[in-house]
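Chemist: need the 3D shape of this:
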Amino acid sequence: MPGRQAGPHDSLFRWTFSSPENAASELRAVLPPGLTGRLDLDRLIPVPGTFVDEDLRQRHTDVLYTAPLDGRDAYLYALMEHPGARRLPAVIPLVVYTGKSRWSAPVRLQDLIDLVPVGGEEAADYMPRFSFLLDDLSAVDPAELRARDVTVEVRVSMLSFVHVPGNARLHEAPQDWRDDLRALVDEPDGDLKLAAQMAYIMRKGETPASDLASLFASLGPDAEKVYMTTADMLKASEEARAILRNLKNRGVSVDEHSRDRIASCLDAETLDTWLDRSVEITEIAELF
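Modeler: Predicted coordinates:
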């Protein structure tokens, strides 16, 4: 998402559901059985891009897939132009709600549109009408989440969305959640999957770093190594953002090459030096 830093919720959501296997497992868990039987989720294909307006990207993220429905193409989440088609493709929108309080907004599109039908029912007939599937995690018991027939990564992500924000005692997490975290390491690209979970935990949770280190050390040496690497990368990312923020506040113009150089630097000593300089320089060349 160019032009802004992705938040921890949308970063983890995009990471988890960019995998067709993960997306299919979540859809199988929440779609009505009759519809699931008609969708060929084994042929789920991601469609690149985003349909969220730039002004709303701080609050929302999205993914789009296509899969056969009764042998014909269907889009899951968004409606797109389908050249050459005589009929519009099916649209199956799903909202995964991760808030603490219960979902209270409508689940029908027509109830969300800020429009008073001037012509009564005749005008209302031309308004789009559909409901969306709602997976309200605030209303789902953790035991039910754990019992879902989904991939390990989806299960860990869903439980993280529920339990991590504001939690200062994640090192006392249930053993089955620890087991799932450990299981991620043994999957293909397990270090990357675990790193995504760790990044979310470290950003949204409030558990002290020493307790988090103890938690991930208890998962085994591979998990501990991923934790140390992820912690270093997050610290570097935060310091890079602080440098760029200082330069912006001082009115220093930053070209794209310099911005990339700052954002990609992982050397702690270099970043510390740049951070000190960023509060007093007047030109970007002075930073380096």
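
Chemist: sketch out the low-pLDDT regions of this protein for me.
Modeler: Applying pLDDT under 70 to the chain flags the ranges 1-10, 49-62, 77-89, 113-128.

Chemist: try 80
Modeler: In the predicted model, the chain carries pLDDT under 80 at residues 1-15, 17, 48-63, 75-91, 109-130, 173-174.

Chemist: okay, domains of it per the record?
Modeler: For the chain, automatic domain parsing gives the domain ranges 8-219, 235-288.

Chemist: out of those domains, the one nearest Thr229 is which?
Modeler: Of all the domains of the chain, domain 8-219 sits nearest to Thr229, with 7.1 Å by C-beta to C-beta. In this view, the C-beta of every residue, glycine as well, is placed from N, C-alpha and C.

Chemist: can you list the buried residues in the longest helix along the chain?
Modeler: Criterion DSSP state H: the longest helix present in the chain is helix 221-249. By 16 or more other C-beta atoms under 10 Å, the buried positions in helix 221-249 come out as 223-224, 226-227, 230-231, 236-237, 239-240, 243-244, 246-247.

Chemist: would you map the helices across this structure?
Modeler: Using DSSP H, helices in the chain cover 8-17, 20-30, 33-38, 121-124, 142-147, 152-163, 175-185, 190-204, 209-217, 221-249, 256-264, 268-277.

Chemist: for those helices, which one sits closest to Arg102?
Modeler: Per C-beta to C-beta, nearest to Arg102 of the helices of the chain: helix 152-163, 12.7 Å.

Chemist: re earlier: which strands and helices sit next to the longest helix of the chain?
Modeler: Secondary-structure packing of helix 221-249 (3 or more C-beta pairs under 8 Å, 6 or more residues apart in numbering; DSSP states H and E): helix 175-185, helix 190-204, helix 209-217, helix 256-264, helix 268-277.

Chemist: let me know which of those is tucked in deepest.
Modeler: Highest mean neighbour count of the helices and strands packed on helix 221-249: helix 190-204, a mean of 21 (counted as mean count of other C-beta atoms under 10 Å).

Chemist: any idea of the angle it forms with helix 8-17?
Modeler: 160 degrees (axes from the mean of the first three to the mean of the last three C-alpha atoms, to 10 degrees).

Chemist: for helix 190-204, output the C-alpha coordinates as CSV.
Modeler: Output in CSV follows, covering the C-alpha atoms of helix 190-204 (Å, rounded to 0.1, in the frame of the first residue of the first chain):
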residue,chain,number,x,y,z
GLY,A,190,7.3,-21.3,8.8
ASP,A,191,9.8,-18.7,9.9
LEU,A,192,7.9,-16.0,7.9
LYS,A,193,4.5,-17.1,9.1
LEU,A,194,5.7,-17.0,12.8
ALA,A,195,7.4,-13.7,12.2
ALA,A,196,4.1,-12.2,11.0
GLN,A,197,2.4,-13.4,14.2
MET,A,198,5.2,-12.1,16.3
ALA,A,199,5.1,-8.6,14.7
TYR,A,200,1.4,-8.3,15.4
ILE,A,201,1.9,-9.5,19.0
MET,A,202,4.7,-7.1,19.7
ARG,A,203,2.9,-4.1,18.1
LYS,A,204,-0.6,-4.7,19.6
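
Chemist: hmm, back to that, want to throw the helices and strands packed on helix 221-249 into TSV with distance to Ser101?
Modeler: Formatted as TSV, the helices and strands packed on helix 221-249 follow (distance: least, C-beta to C-beta, whole Å):
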stretch	distance to Ser101
helix 175-185	23
helix 190-204	17
helix 209-217	27
helix 256-264	35
helix 268-277	38
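
Chemist: to Arg155, which of these lies closest?
Modeler: Of the helices and strands packed on helix 221-249, the one closest to Arg155 (C-beta to C-beta) turns out to be helix 175-185, at 5.9 Å.

Chemist: so what's the gap between the closest one and the chain middle?
Modeler: Averaged C-alpha coordinates place helix 175-185 at 20 Å from its chain's average position (C-alpha atoms, centre = their mean, to the nearest Å).

Chemist: could you dump that helix to PDB, C-alpha only?
Modeler: Extracted as PDB, the C-alpha positions of helix 175-185 are listed here (Å, rounded to 0.1, in the frame of the first residue of the first chain):
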ATOM      1  CA  GLN A 175      -0.900 -24.100  26.000                       C
ATOM      2  CA  ASP A 176      -3.000 -24.900  22.800                       C
ATOM      3  CA  TRP A 177      -2.200 -21.400  21.500                       C
ATOM      4  CA  ARG A 178       1.500 -22.000  22.200                       C
ATOM      5  CA  ASP A 179       1.300 -25.300  20.400                       C
ATOM      6  CA  ASP A 180      -0.200 -23.700  17.300                       C
ATOM      7  CA  LEU A 181       2.500 -21.000  17.300                       C
ATOM      8  CA  ARG A 182       5.100 -23.800  17.500                       C
ATOM      9  CA  ALA A 183       3.400 -25.700  14.700                       C
ATOM     10  CA  LEU A 184       3.800 -22.700  12.400                       C
ATOM     11  CA  VAL A 185       7.600 -23.200  12.500                       C
END
